[in-house]
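J.: No sequence on hand, only this structure:
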Ligand SMILES: Cc1cc2nc3c(=O)[nH]c(=O)nc-3n(C[C@H](O)[C@H](O)[C@H](O)COP(=O)(O)OP(=O)(O)OC[C@H]3O[C@@H](n4cnc5c(N)ncnc54)[C@H](O)[C@@H]3O)c2cc1C
Ligand SMILES: N[C@H](Cc1c[nH]c2cc(Cl)ccc12)C(=O)O
């Protein structure tokens, strides 16, 4: 059996992996994290999927235990600004579409268009974002417990993982990634993860080309059965030592750099929008992530269209006086995936395995999915090749699927006002996407017509993006023309009423977290 796991790298990927493996195997497997004192982790990656709650639940952690430690807030949606035209915005919420007489409410919206805002007519979450509301009442209850959220069919027993997800949870989190790594370091080491603060200087291979050990500068050799490469884009083990090639996605996703700022703000006076904002720019987009005690922001851009200096200037102007004196973090991004994330006895997790640019916040989802799949495909002494191949196929398809969804964001954005945005319409599309877009012009995306393998996104996400981005003409299903639309019209009015009722009764996100942080509520 596998007895010793060595995790190289102590960023988000390294500590999430180590804690998850320890929570899974306990005393039966030793887990060591070796982390450089000299090479910082990337320091960005602050927004998540809603499904990350399974990770915290797996570790037995509740929100009040970890959120205040990580400056964490709620994320109910992504607010897309200026992707269609200046001044326009729409939301991609964590909310499934309701179904009326067999058709999603978004399809009915195309038919009836009761207003020019599909998001406010079809979802309740946009109103909560506009009003800076918390998704939880002060007593901790979540704003809505609709039947489709309560779960149906065969529920998992005990701790659940991504693949048992049957419901759409209404929010995700924002957090400070450096604080999360610190929190997980404490969590992991208290539960028996060994922590070595040192540089790995060499990766030693045996005669078969498998990793026998890694050499460290001050702690000698670290031996293991299984090595997890969490060294970020260096890919010290998987790419450099084992020579596994990297497959670039840059032909379809040209953004290759980012510049980030950590801006201190006074949330009490300013309030905290409970969503990530993605604001389109001349050569990319700017993220705004409200944490409890600061804002994380950054410009993701393509260096073929704008220089790092211009990007930083644009970002500082966008943020305003609060950015004065704040140091900028310039980042070169490696967009794409390692061909096989698992080679011999080494598994790359995190940026070493792949990254598809920050839009839609998929990096931590990839990490969570990779660890869960590794446990499901855990090797024994036979190191079965089929198990490895199954894992590699799953990871490759997931990353390729997310690539497709993100390419759609640029292609379907109506914006075409400069060379950057014009080029988004003529760049080659990944295999299969062009055909799918043709189908979606006739019929909104459904489970039969989106990328067919698991990649985290459901048809409603594709529908929200196509309706919001506005660059691909859409039409309602023909059948709706001959059906009675009264129930659908009522549902859209009910959604508006429900949203109004919620914002009137929910506390603001700031109030909620100020309440959670009171000494007595711990
Ligand atoms: C601009 C940007 C924005 C992003 N936004 C999001 C987001 O909103 N949501 C999201 O989910 N993801 C996001 N991501 C992705 C996210 O940041 C990463 O997925 C996540 O931080 C994981 O990084 P990592 O741990 O793989 O690598 P890193 O953070 O780079 O960590 C690498 C670790 O390896 C160690 N190391 C390297 N070499 C050695 C050595 N020789 N010896 C010992 N240790 C070594 C380092 O010390 C470090 O601890 C974003 C990424 C970028 C670039
Ligand atoms: N699995 C989903 C992924 C997802 C669904 N809706 C959204 C909305 C936004 Cl803004 C990001 C990701 C997703 C989940 O995390 O619930």
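T.: Nice, thanks for sending it over. Note that the structure is predicted; figures quoted are calculated from it, not measured. Numbering: from 1, shown residues only. Ligands and ions are numbered 1, 2, ... in the order given.
J.: Residue 39 - nearest residue in space that isn't next to it in sequence?
T.: Nearest non-adjacent residue to residue 39, counting by Cβ to Cβ, 6 or more residues apart in numbering: residue 199, 7.4 Å away. Using the backbone N, CA and C atoms, a C-beta is placed for each residue, glycine as well.
J.: What spatial separation is found between the one you found and residue 11?
T.: In this view, residue 199 and residue 11 are 15 Å apart by Cβ to Cβ, to the nearest Å.
J.: The two - which one has more neighbours?
T.: Between residue 199 and residue 11, counted using other Cβ atoms under 10 Å, the more crowded position is residue 11 (24 against 16).
J.: neighbours of residue 425, just the number please.
T.: The tally of other residues near residue 425 (other Cβ under 10 Å) stands at 13.
J.: separation between it and residue 416?
T.: When residue 425 is compared with residue 416 (using Cβ to Cβ), they lie 6 Å apart.
J.: which residue ranges form the strands in the stretch 151-300 of the chain?
T.: 172-174, 194-197, 200-205, 211-216, 221-223, 226-229, 246-248, 257-264, 276-281, 284-290, 294-301 (DSSP state E, counting those that start in this stretch).
J.: How many neighbouring residues does the residue of the stretch 101-250 of the chain found nearest ligand 1 have?
T.: Nearest residue of the stretch 101-250 of the chain to ligand 1: residue 232, at 2.6 Å (Cβ to the nearest ligand atom). Applying other Cβ under 10 Å, we find 21 residues neighbouring residue 232.
J.: Now it: closest residue in space that isn't a chain neighbour?
T.: Nearest non-adjacent residue to residue 232 (Cβ to Cβ, 6+ apart): residue 351, at 4.4 Å.
J.: can you pull the contacts of that neighbour?
T.: By Cβ atoms under 8 Å, 6 or more residues apart in numbering, the contact set of residue 351 is 11, 13, 42, 232, 233, 334, 363.
J.: Inside helices: which ones of those residues?
T.: Using DSSP state H, 13, 363 are the members of the contacts of residue 351 that sit in helices.
J.: would JSON lines of the contacts of residue 351 with pLDDT and distance to ligand 2 be doable?
T.: Formatted as JSON lines, those follow (pLDDT from 0 to 100; distance: Cβ to the nearest ligand atom, whole Å):
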{"residue": "11", "pLDDT": "97", "distance to ligand 2": "21"}
{"residue": "13", "pLDDT": "98", "distance to ligand 2": "18"}
{"residue": "42", "pLDDT": "96", "distance to ligand 2": "20"}
{"residue": "232", "pLDDT": "98", "distance to ligand 2": "23"}
{"residue": "233", "pLDDT": "98", "distance to ligand 2": "23"}
{"residue": "334", "pLDDT": "98", "distance to ligand 2": "22"}
{"residue": "363", "pLDDT": "98", "distance to ligand 2": "12"}
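J.: Just the element for residue 327, please.
T.: Residue 327 is part of no helix or strand, with elements assigned from DSSP states H and E.
J.: Give me the neighbour count for it.
T.: Neighbours around residue 327, by other Cβ under 10 Å: 7.
J.: now residue 37
T.: Counted with other Cβ under 10 Å, residue 37 comes out at 11.
J.: Now for the nearest residue to residue 306 once chain neighbours are set aside, how many residues are close by?
T.: Counting by Cβ to Cβ, 6+ apart, residue 283 is the residue found nearest to residue 306 once chain neighbours are left out, at 3.9 Å. Using other Cβ under 10 Å, residue 283 is surrounded by 24 other residues.
J.: what's the helix ranked longest in the chain packed up against?
T.: Ranked by residue count under DSSP H, the longest helix found in the chain is helix 385-412. The helices and strands touching helix 385-412, judged by 3 or more Cβ pairs under 8 Å, 6 or more residues apart in numbering; DSSP states H and E, are strand 336-338, strand 342-343, helix 363-376, helix 433-442, helix 459-469.
J.: Which of the ones you listed sits closest to ligand 1?
T.: helix 363-376 (2.5 Å).
J.: Show me what counts as buried in the longest helix of the chain.
T.: 387-388, 391-392, 394-396, 398-412 (16 or more other Cβ atoms under 10 Å).
J.: right, and the helix or strand after it?
T.: helix 419-423.
J.: in that following helix, what's buried?
T.: 420, 421.
J.: Please compute how far it lies from its chain's middle.
T.: 26 Å (Cα atoms, centre = their mean, to the nearest Å).
J.: residues making contact with that helix?
T.: Outside helix 419-423, the residues that reach it (Cβ under 8 Å, 6+ apart) are 254, 282, 283, 284, 302, 305, 413, 415, 416.
J.: ranking these by neighbours, who comes first?
T.: In these, the most neighbours by other Cβ under 10 Å go to residue 284, 27 neighbours.
J.: if I look at that residue, how far off is residue 241?
T.: 33 Å.
J.: Over to residue 207?
T.: Residue 207 is 15 Å from residue 241, by Cβ to Cβ.
J.: Likewise for residue 104?
T.: On the measure of Cβ to Cβ, residue 104 and residue 241 end up 49 Å apart.
J.: do the same with residue 266
T.: Taking Cβ to Cβ, one finds residue 266 at 47 Å from residue 241.
J.: just to revisit the earlier point, from the contacts of helix 419-423, pick the one nearest residue 119.
T.: Nearest to residue 119 among the contacts of helix 419-423: residue 413, at 15.8 Å, using Cβ to Cβ.
J.: Skipping adjacent residues, who's closest to the residue in the chain that ligand 2 sits nearest to in space?
T.: Per Cβ to the nearest ligand atom, residue 49 is where the chain lies closest to ligand 2, at 3.1 Å. Spatial nearest neighbour of residue 49, chain neighbours left out: residue 365 (4.4 Å); criterion: Cβ to Cβ, 6+ apart.
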